[in-house]
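Engineer: test case, fold it:
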Amino acid sequence: MVECLQLEGFNIFSNNGAIAGQSVFHFHWHVTPRYSGDNIRFELTLKQYSDGQMAIYGQRIREFINRTA
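Structural biologist: Predicted structure coming up:
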């Protein structure tokens, strides 16, 4: 795809769940071809977490993986 469309790059993403912007409720990928000056912007404002909160989430994920492995 990169060569035949002479892309400079591309983005791949998937929206999962209505809150994430999913409107077609089956799994699919979005592939956005990118060229310099294409004026496409994906702006993400990350949530700020209190001290130690990310460590708590990490521990919950590790515990879940260990229980289901």
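Engineer: stretch 28-45: how far from the chain's middle?
Structural biologist: Counting by CA atoms, centre = their mean, to the nearest Å, stretch 28-45 is centred 12 Å from the centre of its parent chain.
Engineer: pull up the distance across it, start to finish.
Structural biologist: Counting by CA to CA, to the nearest Å, you get 24 Å between the two ends of stretch 28-45.
Engineer: what mean pLDDT does that stretch have?
Structural biologist: In this model, stretch 28-45 has a mean pLDDT of 91.
Engineer: what sits against the most centrally placed residue in the chain?
Structural biologist: Taking CA atoms, centre = their mean, the centroid of the chain lies closest to Phe13, which sits 5.3 Å from it. Shown in contact with Phe13 (CB atoms under 8 Å, 6 or more residues apart in numbering): Trp29, His30, Thr32, Phe42. For every residue, glycine as well, the C-beta is placed using N, CA and C.
Engineer: farthest-apart pair in those, please.
Structural biologist: Greatest spacing in the contacts of Phe13, by CB to CB: Trp29 and Phe42 (14.6 Å).
Engineer: so what's the backbone phi/psi at Val31?
Structural biologist: Geometry field for Val31 lists phi and psi as phi -120, psi 120, criterion degrees, to the nearest 10.
Engineer: out of the contacts of Phe13, which sit inside strands?
Structural biologist: His30, Thr32 (DSSP state E).
Engineer: TSV please, covering the contacts of Phe13 and showing distance to Gln48 and neighbour count.
Structural biologist: Listed next are these as TSV, based on distance: CB to CB, whole Å; neighbours: other CB atoms under 10 Å:
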residue	distance to Gln48	neighbour count
Trp29	29	8
His30	27	9
Thr32	28	13
Phe42	20	7
